[in-house]
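Asker: Task: produce atomic coordinates for the following.
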Amino acid sequence: MSNNTREQQAESRRQKMAMLIGELAPENGYTQSLLDDVRFLRSDLPLEHTPVLYEPSIVIVCQGRKRGFLGDAVYLYDAQHFLVVAVPLPFISQTEASSEEPMLAVAIRLDLQALADLLISLDIAPMRDCPPAGMHSTALDETLGDCVLRLLDVLRSAQEGKILGPGLLREIYYRVLMGEQGAMLRAALGQQGYFAQVGRALHILQTRYRERLEVADLAREVGMSVAVFHAHFKTVTQSSPMQYLKSTRLHQARLLMVRGGFSAAAAAVDVGYESPSQFSREFKRFFGRSPVQEARYMKEVLRLSPAVSSAERAAS
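Answerer: Numbers count the residues shown, from 1 in each chain. The predicted model follows:
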């Protein structure tokens, strides 16, 4: 097959994927699909450097372009590249979109238990010594692209989505595990090794962010010395443990204000801040706007009403 033919097929697939996501996600922001682990994302306008917090996921952009900035690295995900986030990560996102050509994407949450079960059935040991990476972007090949297209197609039907969707998700997991991203995900699933130890620390920070957490306690819980823990945590996340904790609290507070209509003071208390003034200072330093301004901005950008809706997950 010639390169021109391959390019034509890839463009045809991209157009079909964009058409299906446009149909499945008619509104700005996130739209929940028939499957719990699959959401669609639409943005009708560009978003400059925006702090985001991604859960472990696969993000496939079918139209428009996104860039992720983590430390000194830049990760492109567009119609030719998809993004895999192996651990919960805060980073900076940039979206290229317009009302004439909205950014359209599908986000698939990584079910780590399903991935582990798949590895067991494949008899592939989790990687313990591969170079660590919390996220990575890779070229979208024909096989994976066709699988995603089939998933989007069956999600138009409640019956087909329920019956066929889980099998297609499993195939997508398989394709990613066996591709360039596989070593990173196998490392994340490992029960030993520092990548897995940092992963356990991230789970603690994500689930217990309201508590008073100290670096020494985190290091002890995951079986590392403080110095080694600091070094490996920085390698995987490009931030320190306390910077990560602060980022998680601020992102969660923003979600509460955007999704739940919380006041800034109530959100601050809920995520573990004892001082509302400290919360406001750190929030403005992090997002570039006061809590009230940021909540209003996010709702305007995503065209959200004050009432809670499923689309209001977009702050993540």
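Asker: Just give the nearest non-adjacent residue to residue 219, would you?
Answerer: Spatial nearest neighbour of residue 219, excluding adjacent residues (C-beta to C-beta, 6 or more residues apart in numbering): residue 229 at 3.8 Å. Using the backbone N, CA and C atoms, a C-beta is placed for each residue, glycine as well.
Asker: residue contacts, residue 23?
Answerer: Contact criterion C-beta atoms under 8 Å, 6 or more residues apart in numbering gives residue 156 as the residues in contact with residue 23.
Asker: What segments of the stretch 151-300 of the chain are helices?
Answerer: 158-177, 182-189, 194-207, 215-222, 226-237, 241-260, 264-270, 276-287, 291-301 (DSSP state H, counting those that start in this stretch).
Asker: can you pull the contacts of the residue lying closest to residue 271 once chain neighbours are set aside?
Answerer: Leaving aside its chain neighbours, residue 271 sits nearest to residue 249 (4.3 Å; criterion: C-beta to C-beta, 6+ apart). Residues near residue 249 by C-beta under 8 Å, 6+ apart: 209-210, 271-273.
Asker: Just the buried subset of those, written out for PyMOL, thanks.
Answerer: Burial among those is assessed by 16 or more other C-beta atoms under 10 Å; the matching PyMOL selection reads:
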select buried, resi 209+271+272+273
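Asker: Now tabulate the contacts of residue 249 in CSV and tack on distance to residue 253 and pLDDT.
Answerer: Formatted as CSV, the contacts of residue 249 follow (distance: C-beta to C-beta, whole Å; pLDDT from 0 to 100):
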residue, distance to residue 253, pLDDT
209, 10, 95
210, 11, 95
271, 5, 96
272, 9, 95
273, 8, 95
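Asker: May I see the contacts of residue 249 arranged in a markdown table, with distance to residue 5 as well?
Answerer: What follows is these, written out as a markdown table (distance: C-beta to C-beta, whole Å):
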| residue | distance to residue 5 |
| --- | --- |
| 209 | 51 |
| 210 | 55 |
| 271 | 53 |
| 272 | 56 |
| 273 | 58 |
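Asker: Most tightly packed of the helices of the stretch 151-300 of the chain?
Answerer: helix 182-189 (a mean of 23; mean count of other C-beta atoms under 10 Å).
Asker: Helix 158-177 and that one, what's the angle between them?
Answerer: 100 degrees (axes from the mean of the first three to the mean of the last three C-alpha atoms, to 10 degrees).
Asker: any idea of the mean pLDDT for helix 182-189?
Answerer: The pLDDT scores in helix 182-189 average 74.
Asker: can you give me the strands for the stretch 51-200 of the chain?
Answerer: Remark: strands assigned in the stretch 51-200 of the chain by DSSP state E, counting those that start in this stretch are 57-63, 65-70, 73-78, 81-85, 89-96, 103-109, 135-139.
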